[in-house]
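Enquirer: Requesting a structural model of the entry that follows:
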Amino acid sequence: MLRTLSEKIDPKHTVLMVIDMQNDFCHEDGSKAHDGADVRPVQAIIPTLVGLVDRARAVGVPVLFTQAVHNPWTDSPVRIERHIDREPNCVEGTWGADFYGSQPTPSDYIIKKARYSAFVGTDLEMVLRQRGVKTVIVTGTATNTCVESTARDAFMRDFYVVAVEDCCAQSNMGYHAASLEALEGTFGVVHRADDLLNAWSTSA
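Expert: Below is the predicted model:
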């Protein structure tokens, strides 16, 4: 049982996930902004997120990016109905699906997904088990959809979950706060980036 933050995020058994930081969700010319969402809260986390990702790589924590991609093969009637009055987002092969802010390097892993949770229809669980991962650190957007869905599914699969408050974002700050409260209340722990940086510094 891993009780302290330092134990939970030990580089030997931890992965850092950067969830859906893509143009359509983050850029002022992306589909979310065109639909009226305020992307400034998402853009505001970029410096802190980039610093956390850089430090994770430096201490040997693997970094895993998720990339939402949609096409006619994966767009079910249920998903289409939820987005029928919105501009399409993250269409495979388009600028909107490209990464924004923190960019993957050749040593990082990319999970392409077509649903909110990065565990649905992907090889994520196999990859985590293969690497002996015990703890999943979640960052990215949107806090109350893809981040929370992935965090919940990680907990259901018996991974420790650490959500990074100032490296997650949602255009609606009320939704963001409620999601983090739900995660901490039931599915994991919530910390700020500095808490993780300090823990990695003292364990180095």
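Enquirer: from here on, contacts and neighbour counts on C-alpha atoms
Expert: Will do.
Enquirer: can you give me the helices in the protein?
Expert: Secondary structure of the chain, counting by DSSP state H: helices at 5-8, 23-26, 31-34, 40-44, 46-59, 77-82, 124-130, 148-156, 173-182, 193-203.
Enquirer: Give the buried residues for the longest one.
Expert: Under the neighbour-count criterion of 16 or more other CA atoms under 10 Å, helix 46-59 has Ile46, Leu49, Val50, Leu52, Val53, Arg55, Ala56, Val59 buried.
Enquirer: so how far is Gln43 from the closest residue to the third one other than its chain neighbours?
Expert: Distances taken as CA to CA, 6 or more residues apart in numbering place Ser102 nearest to Val50, at 5.5 Å, with adjacent residues excluded. Taking CA to CA, to the nearest Å as the measure, Ser102 falls 11 Å from Gln43.
Enquirer: coming back round to it: how about the contacts made by the residue nearest to Val50?
Expert: Applying CA atoms under 8 Å, 6 or more residues apart in numbering to Ser102 gives the contacts Met21, Ile46, Leu49, Val50, Val53.
Enquirer: Just give the number of residues close to Val61.
Expert: When neighbours are counted by other CA atoms under 10 Å, Val61 registers 20.
Enquirer: From Thr135, how far out is it?
Expert: Going from Val61 to Thr135 by CA to CA gives 11 Å.
Enquirer: and what of Gln67?
Expert: Gln67 is 20 Å from Thr135, by CA to CA.
Enquirer: Over to Gly60?
Expert: Gly60 sits at a distance of 14 Å from Thr135 (criterion: CA to CA).
Enquirer: Between the two, which has more neighbouring residues?
Expert: Between Gly60 and Thr135, counting by other CA under 10 Å, Thr135 is the more crowded of the two (26 against 14).
Enquirer: which secondary structure elements does the least confident helix or strand in the chain by mean pLDDT contact?
Expert: Sorting the helices and strands of the chain by mean pLDDT, DSSP states H and E puts helix 77-82 at the bottom, at a mean of 77. For helix 77-82, there is no helix or strand it packs on, judged by 3 or more CA pairs under 8 Å, 6 or more residues apart in numbering; DSSP states H and E.
Enquirer: I'd like the numbering to begin with 528 instead of 1 from here.
Expert: Okay, using 528 as the starting number, the last item reads as helix 604-609.
Enquirer: Tell me which strands the strand ranked longest in the chain pairs with, and in which orientation.
Expert: Counting residues, the longest strand found in the chain (DSSP state E) is strand 687-696. Here strand 687-696 is paired, per DSSP bridges, with strand 662-668 (parallel), strand 716-718 (parallel).
Enquirer: That one versus helix 675-683: what angle between them?
Expert: Angular relation of strand 687-696 and helix 675-683 on a 0 to 180 degree scale: 170 degrees, by axes from the mean of the first three to the mean of the last three CA atoms, to 10 degrees.
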